[in-house]
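# Coordinates for the following, if possible.
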Amino acid sequence: MASPTSLFKCGRCPAYCCSYPIIEVSKKDLRRLAAYFNMSVEQAAKKFSEKASGRKKRVIRHRNDEHFGSVCRFLNRKTRACSIYAVRPKICSDFPGTRRCGYYDFLTFERRLLKDSDHVAVTDHP
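Model prediction:
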């Protein structure tokens, strides 16, 4: 998941980044998803994305989640892992863009403070 030089472990996170209300998906991302699911780009766009309010770009559709209310439709809610990891959108593969992940830092701080290695700090999105 994370590179050897990363200071975070995605497998120990409940997938905070997958709860972003806007996860943009490019035409190239849609082509990759279409090929993966053996469908046309138009079918993939309709099934997996929608127009974001006030934006020209498309975003990944969400579904309900017990921790965050709403998450990316491709998040496996039992394992908290991406179900399309090999073909995930570029914005996801680029995240967080640094060696550190703020969510992971927050999570490990909370877990250390509470002495609970499984604690999930839930935040509300507006």
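# and stretch 36-48, how far from the chain's centre?
19 Å (Cα atoms, centre = their mean, to the nearest Å).
# and if you look at stretch 37-52?
17 Å.
# Next, the buried residues of that stretch.
Of all the residues in stretch 37-52, those buried under the rule 16 or more other Cβ atoms under 10 Å are 44, 45, 48, 49, 52. In short, each C-beta sits where N, CA and C put it, glycine included.
# Please verify my assumption that residue 80 contacts residue 12.
No - look at residue 80 against residue 12 with Cβ atoms under 8 Å: they stay out of range, at 9.5 Å.
# Tell me which of these two has more neighbours.
A direct count of neighbours by other Cβ atoms under 10 Å for residue 80 and residue 12 places residue 80 higher, at 19 against 15.
# circling back: out of the buried residues of stretch 37-52, which one sits closest to residue 25?
Among those, residue 49 lies closest to residue 25 (Cβ to Cβ), at 5.0 Å.
# Burial check on the spatially closest residue to that closest one that is not a sequence neighbour, number of neighbours?
Sequence neighbours aside, residue 58 is the residue nearest to residue 49 in space, at 4.1 Å (criterion: Cβ to Cβ, 6 or more residues apart in numbering). Look at residue 58: counted by other Cβ under 10 Å, it has 19 neighbours.
# could you list every residue that touches residue 58?
Applying Cβ atoms under 8 Å, 6 or more residues apart in numbering, we find residue 58 in contact with 24, 25, 30, 45, 49, 50, 51, 52.
# want to throw the buried residues of stretch 37-52 into JSON lines with secondary structure, distance to residue 119 and pLDDT?
JSON lines is the format used below for the buried residues of stretch 37-52 (DSSP: H, G, I helix; E, B strand; the rest coil; distance: Cβ to Cβ, whole Å; pLDDT from 0 to 100):
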{"residue": "44", "secondary structure": "helix", "distance to residue 119": "37", "pLDDT": "97"}
{"residue": "45", "secondary structure": "helix", "distance to residue 119": "38", "pLDDT": "95"}
{"residue": "48", "secondary structure": "helix", "distance to residue 119": "32", "pLDDT": "96"}
{"residue": "49", "secondary structure": "strand", "distance to residue 119": "33", "pLDDT": "95"}
{"residue": "52", "secondary structure": "coil", "distance to residue 119": "32", "pLDDT": "80"}
